[in-house]
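Novice: no sequence on hand, only this structure:
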C-alpha cells in the first residue's frame, strides 16, 4: 500500500513539475523539475501512506 501510494503521488507531482518546468524553460528544465518533484512525491507519498496505515 505504501509503495503504491508513493508512486501515485510521485506521478501527480511529476506532472506538476513538468508543467512548471515548461513554463520556465525548455525540455531540460521540465525534465529536471519533473525528476525533483518525483523524488519529493515518493518520499512524502510513502510517509503519508505509513501514517494512514498506523491509524
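Specialist: Right, received. Where do you want to start? Values in this document were obtained by computation on a predicted structure and should not be read as measured data.
Novice: what mean pLDDT does the longest helix along the chain have?
Specialist: Using DSSP state H to assign secondary structure, the helix with the most residues in the chain is helix 27-54. Model confidence over helix 27-54 averages 93 on the pLDDT scale.
Novice: that helix - contacts with which helices or strands?
Specialist: With contacts defined as 3 or more C-beta pairs under 8 Å, 6 or more residues apart in numbering; DSSP states H and E, the secondary structure elements packing on helix 27-54 are helix 2-24. For the C-beta atoms, the positions are set from N, CA and C on the backbone; glycine is no exception.
Novice: for the helix it packs on, buried residues please.
Specialist: For helix 2-24, the neighbour count (16 or more other C-beta atoms under 10 Å) marks 5, 6, 7, 9, 10, 13, 14, 17, 18, 20, 21 as buried.
Novice: nearest to residue 30 among these?
Specialist: residue 21 (3.4 Å; C-beta to C-beta).
Novice: wait, what's in contact with the closest one?
Specialist: The neighbours of residue 21, taking C-beta atoms under 8 Å, 6 or more residues apart in numbering as the test, are 29, 30, 31, 32, 33, 34.
Novice: at 10 Å instead, please
Specialist: When contacts are counted by C-beta atoms under 10 Å, 6 or more residues apart in numbering, residue 21 touches 27, 28, 29, 30, 31, 32, 33, 34, 35, 36, 37.
Novice: and the closest residue to residue 46 other than its chain neighbours, what's its pLDDT?
Specialist: Once flanking residues are discounted, residue 46 sits nearest to residue 6: 3.8 Å by C-beta to C-beta, 6 or more residues apart in numbering. Looking at residue 6, its pLDDT reads 87.
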